[in-house]
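Participant: structure of the sequence below:
(one chain, ligands or ions: 1)
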Amino acid sequence: MKEFDTICGIATAQGEGGIAIIRVSGSKAIEIVSKIFKSINNFDIKDMKTYTMKYGNIVDIKTCEVIDEVIISFMKGPRSFTAEDVIEINCHGGVVSTNRVLEEVVKAGARIAEPGEFTKRAFLNGRIDLSQAEAVIDIINAKTDLAMKSAVMQSSGTLSQEINKLSKYLLDVLAHIEYDVDFTEDDEEPDASLPPKIIASLTEATSEMDKLLKGANEGKIIRDGLRMTIIGKPNVGKSSLMNALLQEKRAIVTDIPGTTRDVIEEYINLDGIPVKITDTAGIRETEDVVERIGVERSKEKIEEADLVVLMLDTSRELDEEDKEIIEAIKDKKVVVLLNKIDLDRKINIDQIEGLENRIEISAMTGQGIEDLKAEIKRLFFNGEVDNESLIITNNRHKQALLRALENCEEAKNRLKNNEYLDLISIYVTSGLKALGEITGSEVEEDLVNKIFSEFCVGK
Ligand code: GDP
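Facilitator: Okay, the predicted model is just below:
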């Protein structure tokens with residue numbers, strides 16, 4: 001009965017803080033906590049009303065020695081996060097105090113929860129579906145307001161409603177087909193009005209799927225961030241650009257070439273779009289071991305990047321090193337930054353043919369930085385980033401939706417070729433199954449476990 005025994009975990013971030021919360025969930029939550037909680041007037045928490053709090057102490061289960069002064073709150077199932085009885089113990093937020101309280105809860109009979117197990121219970125108990133559970137992790141990980149907003153929307157069930165609506169179209173199609181197959185005698189022609197009706201329903205479904213999928217690339221960037229790598233030989237001004245974008249001195253700026261030895265990563269918030277910027281050590285060949293590690297990692301970062309920002313120094317002539325770098329990034333989406341335009345110009349830009357997307361900047365004065373930001377938005381977003389409509393942000397959902405779409409298109413094509421309705425229904429059923437993977441009604445246990453294992457402990 002591991003599935004539904006009573007579990008406990010530290011729900012707040014580990015470390016020192018004002019308070020920490022230990023969450024206990026399961027049918028024995030009250031019974032377990034009552035063994036170690038002593039209120040001042042000996043109140044029995046088995047009489048506690050839902051959504052109320054009690055002040056008291058957590059005591060050692062054997063010696064009754066006071067461990068910490070706490071407030072407990074009670075949320076009776078099913079109206080709780082997990083849909084089970086939940087007790088939250090608010091104790092002092094130190095590493096030792098929190099762990100001591102947790103230890104007593106375990107001694108009293110609860111099991112330490114696995115990562116994501118509280119949210120998994122909310123899903124298994126039917127309070128939320130899989131896409132809503134996944135939104136919980138997205139809310140926690142959100143890097144910008146926009147990412148947060150779209151995750152909150154998803155957690156409230158907007159995506160689920162849309163998917164259920166799409167499923168309804170496909171269920172209708174299957175009902176029509178079944179009816180026709182059941183009521184048509186072998187020697188009879190099938191009802192001729194049926195195929196156009198089915199095609200109409202399928203077309204409704206596919207056009208809505210198309211609409212949802214259109215925003216999915218942007219959605220992925222909003223959730224996971226855009227990976228941007230700044231590349232250029234030493235001293236062109238990469239760290240200075242990073243600082244200008246971050247608007248604070250973080251990377252070390254020096255006049256000695258090669259001081260940005262390793263890869264530095266930071267997030268900036270570009271009008272709601274999280275951009276993860278990597279400042280690299282340059283990719284030139286080097287004898288220096290420390291720098292060589294940096295160089296290897298730079299190459300990896302170029303491979304992973306959604307956008308490569310190549311930086312050139314306009315106050316110097318283009319040299320072999322610049323050309324080598326240009327060679328290395330040929331196949332990527334590239335913006336060329338012509339830096340140091342506040343100085344006299346020596347560069348001959350005719351030599352950088354093929355890289356037409358160029359912006360003149362001065363990382364020192366800040367000139368041109370806004371142009372760079374505008375260009376990033378133009379490259380990855382069609383028009384303004386919309387924060388009202390539903391966006392698919394999760395790649396798992398996108399892949400499932402694509403499969404649903406393919407199956408529906410296949411069903412439509414075969415119907416147009418007058419193929420048997422039985423055969424059509426196979427594709428429609430597959431499409432329905434793919435939709436069910438998003439909400440979790442049609443999903444393998446292994447995948448469910450994998451999704452929840454990515455959660456943090458205590459969530
Ligand atoms: P990195 O090695 O590519 O990271 O280059 P840094 O950011 O450390 O810059 C190298 C030097 O160039 C520093 O002295 C910066 O102050 C200077 N620098 C960077 N950008 C500009 C610029 O736009 N104009 C001028 N005049 N100097 C700059």
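Participant: domain ranges for the protein?
Facilitator: Per the record, the chain has its domains at 2-113, 135-215+392-453, 224-381, by automatic domain parsing.
Participant: these: which one's closest to the ligand?
Facilitator: domain 224-381 (3.1 Å; CB to the nearest ligand atom). C-betas here are computed from N, CA, C, even on glycine.
Participant: what average pLDDT does that closest one get?
Facilitator: Per-region confidence: domain 224-381 scores 80 on mean pLDDT.
Participant: quick check: residue 182 is in a helix.
Facilitator: Yes - counting by DSSP: H, G, I helix; E, B strand; the rest coil, residue 182 is found in a helix.
Participant: mind listing the strands in the stretch 51-200 of the chain by residue range?
Facilitator: According to DSSP state E, counting those that start in this stretch, the stretch 51-200 of the chain carries its strands in the segments 52-59, 66-75, 86-93, 111-112.
Participant: now do the helix or strand residue 20 falls within: which elements does it pack against?
Facilitator: Per DSSP states H and E, residue 20 falls inside strand 17-25. Packing contacts for strand 17-25, counted by 3 or more CB pairs under 8 Å, 6 or more residues apart in numbering; DSSP states H and E, involve strand 7-10, strand 86-93, helix 95-107, helix 117-124.
Participant: what parts of the stretch 301-450 of the chain come near the ligand?
Facilitator: The stretch 301-450 of the chain comes close to the ligand at residues 339, 340, 342, 343, 362, 363, 364, as judged by CB under 6 Å from any ligand atom.
Participant: now the two most distant members of those.
Facilitator: 343 and 363 (11.6 Å; CB to CB).
Participant: more neighbours: which of those two?
Facilitator: Between residue 343 and residue 363, counted using other CB atoms under 10 Å, the more crowded position is residue 363 (26 against 13).
Participant: please name the nearest non-neighbouring residue to the more buried one.
Facilitator: residue 240 (3.8 Å; CB to CB, 6 or more residues apart in numbering).
Participant: among the strands of the stretch 51-200 of the chain, which is the most enclosed?
Facilitator: strand 86-93 (a mean of 22; mean count of other CB atoms under 10 Å).
Participant: residues contacting it, please?
Facilitator: Residues outside strand 86-93 that contact it (CB atoms under 8 Å, 6 or more residues apart in numbering) are 11-12, 15-25, 29-30, 33, 37, 58, 68-75, 77, 80, 97-98, 101, 105.
Participant: OK, contacts around the closest residue to residue 90 other than its chain neighbours?
Facilitator: Computed as CB to CB, 6+ apart, the closest residue to residue 90 that is not its neighbour in sequence is residue 71, at 4.5 Å. By CB under 8 Å, 6+ apart, the residues touching residue 71 are 53, 54, 55, 56, 89, 90.
Participant: please enumerate residues in contact with stretch 405-423?
Facilitator: Counting by CB under 8 Å, 6+ apart, 170, 173, 177, 180-181, 190, 194-195, 198-199, 202-203, 205-206, 209-210, 213, 424, 427-428, 430-431, 434 sit against stretch 405-423.
Participant: filter those to the buried ones?
Facilitator: 170, 173, 177, 180, 194-195, 198, 202, 205-206, 209, 213, 424, 427-428, 430-431, 434 (16 or more other CB atoms under 10 Å).
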